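# from the sequence below, what's the structure:
(chains A and B)
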Amino acid sequence: MSETVIRVEGLGKRYRVGERARYFALRDILTRAFTATFRGNGRRQSVDYLWAMRGVSFDVLRGEVVGLIGRNGAGKTTLLKILSRITRPTEGFAEIQGRVGSLLEVGTGFHPELTGRENLYLSGAILGMRKSEIARKFDEIVWFAGVERFIDTPLKHFSTGMQMRLAFAVAAHLEPEILFVDEVLAVGDLEFQKKCLGKMQDVSKSGRTIIFVSHQMNQIRRLCERVIWIDSGQVRLDGFAEPAIAAYEQASLLASHQGPTELRSHESVSFSSWEVLRRRGSGSNVVATGTGVISMAIRVLIREAIEHGRVAVVVYDSRGFLISGWSFDNLQLVPGEHDVQLSFPDLPLRPGAYSVYFSIHDDNERNHNWTLVPALIIEGTPVTHFMDEWAGVLNIPCSLACKQIEFSAPDDKWRDARCE
Amino acid sequence: MSGEAAISESAALAPLPLIRIAPQSGRWTPPLGELWSYRELLYFFVWRDIKIRYKQTVIGAAWAILQPFLTMLVFSLFFGKLAHIPSEGLPYPIFYYCALLPWMYFATSLQNATNTMVENQRLITKVYFPRLALPLSSILSGLVDFGVSFLMFIAMMIYFGTRPSAAILWFPAFLLLALLTALGMGLWLSALNAVYRDVRYVVPFMVQFWMFASPVVYPSSLVPEKWRGLYGLNPMAGVIEGFRWSLAGHGDPPRRMLLVSTGVVILLVLTGAAYFQKMESKIADVV
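All right, here's what the predicted structure looks like:
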């Protein structure tokens, strides 16, 4: 089926700057309230406006799972809020076909004085479930949250984790045709997070249309086949998940980078370009994770001969975490253009963008350095821990087996287990 | 596939609702159809308000009796026994309690409705539902307190041997008028308070002034006959006199006053709904 269920046309949202902080003095109230009532929106002058989002257009087909990515404040949440009808757009329009459920926050409408049971009903109703539907799924939700014993206790006696689990459990049992989810998976303990991610994967495979906001790129990689990258309130890229995420990560890497990225031609050493040799990825700066020997060449222009140079290579991930560094001494370079080749037997790093810092130390103790542009992109499927914060930096597969030792039984039994 | 087969197939499936999201809808009437489809949520809001109100208090629903009852005692003592305000043959307790029933309902509903948008700010900024459900639920949940305090009134009627006349048949109409007055004001104030936050500080004063502008502590017969119609511009005047007349058989049916009051209430509800509707789209941005 390839029927359009969400159509967004030139959507824009304008806020008045400082609108939220606006405070009216008592003497202003009556005059302002009345004039505002009768004058309509008014044509106030000298007020600053800010477009949180403008000219956003895209279509979503039935059953698509779309990841919405972008920096904080790029307009992702504004877009979700407009699509969920929480706030109205200033211009443009959107059409949505089907029952919409939106999950912008976990635990919306929970009240500490009410019991778990009462909150479950209330929250379900607020998220758009019918009373009969909640009653039908009640046991399943309670089981999912794992709060059977406390269900008739006031919520204020629940631990934060329990509250979150109950809240997510309610939300996870929503069954609308279209679901909007704003970064809510990061709740509860490890086991519960895994349950949530599994549930989301089930939901995404059940043919429902989902728009999903997350800052955890590997979560997006797992769940979405399509990604829309929102930047400064506009669609910067709309396409297949992997290249879009790579482009986004690369851009955020460059934005956060403070080192020299421009060529300095007046110096005795300058860098012009680099590329992956014998490339198998989708670009000259892209390599596949864990697929054997990787070589790259960095083009360097030498103006003064170097007798005892030192070369250093340092790799950082997109969060600025140092992955590894190497140095090579006694390098001799004659003036001219050189291809400096680096080879790794393998780069088993997690998919993402990496910044590679390359420097040459000359005979006069001067350091010439360059952070490779474009950034190094590693593609592929993440195979380590399902949560980004535990996945680490390496992407090395692991298998698990379990050997059962029984005194009564003479022969060993091997049991298969999975390690994801 | 033939055209007919396609038509019958699509008719068999429940039609998916098409939601259109655009800038200002331009409509001035509330989306009553949509509100109806959210009736279960409205029920849950009312249920939540009542649960929470009674859950943390020690004596629970007894507050709904104590408040008007103690006020009635104070009024009977100071305004009745000491100031000799005429009650036209009614025992003071009946005279005051009868007025305090709708007045307390009105005053509480008004204050709850004023704060409801701000109190439910998190909800408003995170979930969509017809915002009208919030002030509406504040007005409706007040009816439970009203019902409880009404039981006390029945006990008092029996104690004082006051017998209701056939006029009691009109009572539901006056209750409805009280509800609509609270709704009309509630719509205005909840929308205003969402945008102009200090409305909430004005409301307690307003309620106080309004009480003295209504025949709560005195009968409306103190107001000169020729001003009675003008007095009816205050819809609570019509409501309170209506309560006294229909429940305790006090005075004449408040005809002229009631007519004016009803007109004012209709106007209040219509303008309130329109203003609320106009502000609804902005509320999530400013609340």
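# near chain A, which residues of the stretch 1-150 of chain B?
When proximity is defined by CB under 8 Å from any CB of the partner chain, the stretch 1-150 of chain B lies next to chain A at B:16-24, B:40-41, B:44, B:48, B:51-52, B:55-56, B:122-129. Bear in mind the C-beta positions are built from the backbone N, C-alpha and C, glycine included.
# how about a cut-off of 7 Å?
B:16-24, B:40-41, B:44, B:48, B:51-52, B:55-56, B:122-123, B:125-128 (CB under 7 Å from any CB of the partner chain).
# quick one: name whatever helix or strand follows the helix or strand harbouring A:Cys196.
Assigned by DSSP states H and E, A:Cys196 belongs to helix A:190-205. Heading C-terminal from helix A:190-205, the first helix or strand you meet, by DSSP H and E, is strand A:209-213.
# so how far is B:Glu225 from B:Ala64?
36 Å (CB to CB, to the nearest Å).
# so for those two, which sits in the more crowded spot?
A count of neighbours by other CB atoms under 10 Å in any protein chain shown puts B:Ala64 above the other of B:Ala64 and B:Glu225, at 25 against 8.
# isn't A:Leu376 up against A:Tyr357?
No - using CB atoms under 7 Å, A:Leu376 is not in contact with A:Tyr357; the gap is 10.8 Å.
# related to what we said a few turns ago, from the residues of the stretch 1-150 of chain B next to chain A, which land in helices?
Cross-referencing the residues of the stretch 1-150 of chain B next to chain A against helices under DSSP state H gives B:40-41, B:44, B:48, B:51-52, B:55, B:122-123, B:125-126.
# could you dump the residues you listed into a markdown table with neighbour count and pLDDT added?
Formatted as a markdown table, these follow (neighbours: other CB atoms under 10 Å in any protein chain shown; pLDDT from 0 to 100):
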| residue | neighbour count | pLDDT |
| --- | --- | --- |
| B:Glu40 | 17 | 90 |
| B:Leu41 | 24 | 91 |
| B:Phe44 | 22 | 93 |
| B:Arg48 | 22 | 91 |
| B:Lys51 | 16 | 87 |
| B:Ile52 | 16 | 85 |
| B:Lys55 | 14 | 76 |
| B:Arg122 | 14 | 86 |
| B:Leu123 | 20 | 89 |
| B:Thr125 | 17 | 88 |
| B:Lys126 | 22 | 87 |
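# so of those, which two are at opposite extremes in space?
Farthest pair in those (CB to CB) is B:Lys55 and B:Thr125. Separation: 25.4 Å.
# A:Glu267 should be in a helix, yeah?
No - A:Glu267 is assigned coil when assessed by DSSP: H, G, I helix; E, B strand; the rest coil, not a helix.
# give me the nearest residue to it, chain neighbours excluded.
Distances taken as CB to CB, 6 or more residues apart in numbering or on different chains place A:His368 nearest to A:Glu267, at 6.1 Å, with adjacent residues excluded.
# likewise for B:Gly242?
The shortest distance from B:Gly242 to any residue that is not its chain neighbour, by CB to CB, 6+ apart, is 3.6 Å, and that residue is B:Phe174.
# show me the contacts for that neighbour.
Contact analysis of B:Phe174 by CB atoms under 7 Å, 6 or more residues apart in numbering or on different chains lists B:239, B:242-243, B:246.
# of those residues, closest to B:Arg255?
The closest of the contacts of B:Phe174, once distances to B:Arg255 are taken by CB to CB, is B:Gly242, at 10.4 Å.
# report how many residues lie close to that closest one.
Neighbours around B:Gly242, by other CB under 10 Å: 25.
# which other helices and strands contact the host helix or strand of it?
Following DSSP H and E, one finds B:Gly242 within helix B:235-248. Counting by 3 or more CB pairs under 7 Å, 6 or more residues apart in numbering or on different chains; DSSP states H and E, the packing neighbours recorded for helix B:235-248 are helix B:92-119, helix B:171-195, helix B:255-286.
# residues in contact with it?
By CB under 7 Å, 6+ apart, helix B:235-248 touches B:90, B:94, B:98-99, B:101-103, B:106, B:162, B:164, B:167-168, B:170-171, B:174, B:177-178, B:181, B:210, B:214-216, B:220, B:231-232, B:250-251, B:253-254, B:257-258, B:261, B:264-265.
# neighbour count for A:Leu376 and A:Tyr357, which is higher?
More neighbours surround A:Leu376 than the other of A:Leu376 and A:Tyr357, with 22 against 17 (other CB under 10 Å).
# pLDDT score for the more buried one?
pLDDT, A:Leu376: 86.
# what sits against it?
By CB under 7 Å, 6+ apart, the neighbours of A:Leu376 are A:285, A:354, A:356.
# which strands or helices does the helix or strand containing the last one pack on?
Assessed by DSSP H and E, A:Val356 sits inside strand A:352-361. In terms of contact count using 3+ CB pairs under 7 Å, 6+ apart, strand A:352-361 is assigned the packing partners helix A:241-256, strand A:306-317, strand A:367-371, strand A:376-379.
# tell me how far it lies from the chain's centre.
Computed by CA atoms, centre = their mean, to the nearest Å, the chain-centroid distance of strand A:352-361 equals 23 Å.
# cool, and stretch A:220-229?
Here stretch A:220-229 is found 9 Å from its chain centre; the criterion is CA atoms, centre = their mean.
# next: stretch B:74-92.
Put simply, stretch B:74-92 sits 27 Å off its chain's centre (CA atoms, centre = their mean).
# and for stretch B:159-177?
Relative to the mean C-alpha coordinate of its chain, stretch B:159-177 is positioned 19 Å out (CA atoms, centre = their mean).
# buried set for that stretch?
B:162, B:167, B:170, B:174-175, B:177 (16 or more other CB atoms under 10 Å in any protein chain shown).
# how about stretch A:232-248?
Applying 16+ other CB under 10 Å to stretch A:232-248 flags A:233-237, A:241-248 as buried.
# need the contact list for the residue of the stretch 51-200 of chain B found nearest chain A.
Closest residue of the stretch 51-200 of chain B to chain A, CB to the nearest CB: B:Tyr128 (4.1 Å). Counting by CB under 7 Å, 6+ apart, B:Tyr128 makes contact with A:84-86.
# hang on, the earlier thing: mind putting the ones in helices among the residues of the stretch 1-150 of chain B next to chain A into TSV with distance to A:Ala171?
Converted to TSV, those look like this (distance: CB to CB, whole Å):
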residue	distance to A:Ala171
B:Glu40	18
B:Leu41	16
B:Phe44	16
B:Arg48	18
B:Lys51	22
B:Ile52	22
B:Lys55	25
B:Arg122	15
B:Leu123	14
B:Thr125	17
B:Lys126	11
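# which one of the residues you listed is nearest to B:Ala284?
Among those, B:Thr125 lies closest to B:Ala284 (CB to CB), at 5.4 Å.
# hmm, B:Ile283 and that closest one touching each other?
No - counting by CB under 7 Å, B:Ile283 is not a contact partner of B:Thr125; they are 9.2 Å apart.
# sorry, back to before: now the strand holding A:Val356: average pLDDT?
For strand A:352-361, the mean pLDDT works out to 87.
# C-alpha coordinates for it, PDB please?
The C-alpha coordinates for strand A:352-361 follow below in PDB (Å, rounded to 0.1, in the frame of the first residue of the first chain):
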ATOM      1  CA  GLY A 352      28.400   7.300  12.900                       C
ATOM      2  CA  ALA A 353      30.600  10.200  12.000                       C
ATOM      3  CA  TYR A 354      34.100  10.500  13.400                       C
ATOM      4  CA  SER A 355      36.600  13.300  13.300                       C
ATOM      5  CA  VAL A 356      40.100  12.500  12.300                       C
ATOM      6  CA  TYR A 357      42.800  14.900  13.500                       C
ATOM      7  CA  PHE A 358      45.900  14.700  11.400                       C
ATOM      8  CA  SER A 359      49.100  16.600  12.300                       C
ATOM      9  CA  ILE A 360      52.600  17.000  11.000                       C
ATOM     10  CA  HIS A 361      55.300  18.200  13.300                       C
END
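# what about A:Val17, neighbour count?
Neighbours around A:Val17, by other CB under 10 Å: 12.
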